[in-house]
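Engineer: Kindly generate the corresponding structure for this input.
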Amino acid sequence: MKRLELFIGSGFGSGYFPVAPGTAGSLVATVFMFFVISGGELIGTPIVVVLASILTLAVSKTCEQEWGEDPGKLVMDEFAGQALVFITISFSGDLQKDILILGLGFILFRIFDIWKPLGINRVQKIGGGSGILLDDLLAGFYAFICLKSVIFAFPEFFGFA
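Structural biologist: Next comes the predicted model:
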């Protein structure tokens, strides 16, 4: 059971990437979100956010016992935060523009997750599974606001005009 929890916590192995495991986990989550959003059902993204959040909370204690406090290998929280970026985002049907949306969402999430502005750092200090998860959800929320604003301001650029 412990090995399964560590595998899930590591974002199905992406957290074992030797350099920037959080970025690797976010990238894998973004690729996964491409297929979720491409399915066309807006309910898919909230389901991913909820499931990734539940999984993070369920495995974080085991991951911290194995890897230390708020370990870099634990990236399931990245999956939850990265999915939240796309919570009401749909695709235009133009693959290049859709990849642009995903790329921008990925970059915005990484900016907020790494720099931790606007109270994100304070939330992370809660500790345990809650702090591990909440800072990524808040980073995802801020990235979502930015992404949605850019798409709203430039709909034609993203294929929505």
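Engineer: Give me the below-cutoff pLDDT ranges for this protein.
Structural biologist: Judged against pLDDT under 70, the chain has no low-scoring part.
Engineer: which one's the longest helix in the chain?
Structural biologist: Longest helix in the chain, counting residues (DSSP state H): helix 128-153.
Engineer: and it, which residues are buried?
Structural biologist: Neighbour-count burial for helix 128-153, counted by 16 or more other Cβ atoms under 10 Å, picks out 129, 131-144, 146-148, 150-151. C-betas here are computed from N, CA, C, even on glycine.
Engineer: by contact count, what packs against it?
Structural biologist: helix 44-67, helix 76-85, helix 95-115, helix 120-124 (3 or more Cβ pairs under 8 Å, 6 or more residues apart in numbering; DSSP states H and E).
Engineer: Run through who's touching the shortest one.
Structural biologist: Just to be clear, that refers to helix 120-124. Asp70, Phe112, Asp113, Lys116, Gly131, Ile132, Leu134, Asp135, Leu138, Ala139, Tyr142 (Cβ atoms under 8 Å, 6 or more residues apart in numbering).
Engineer: Most widely separated two among these?
Structural biologist: Asp70 and Tyr142 (19.5 Å; Cβ to Cβ).
Engineer: could I get the contacts of helix 120-124 as a markdown table with distance to Phe32?
Structural biologist: Output for the contacts of helix 120-124, formatted as a markdown table (distance: Cβ to Cβ, whole Å):
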| residue | distance to Phe32 |
| --- | --- |
| Asp70 | 23 |
| Phe112 | 19 |
| Asp113 | 17 |
| Lys116 | 24 |
| Gly131 | 24 |
| Ile132 | 20 |
| Leu134 | 21 |
| Asp135 | 21 |
| Leu138 | 21 |
| Ala139 | 18 |
| Tyr142 | 21 |
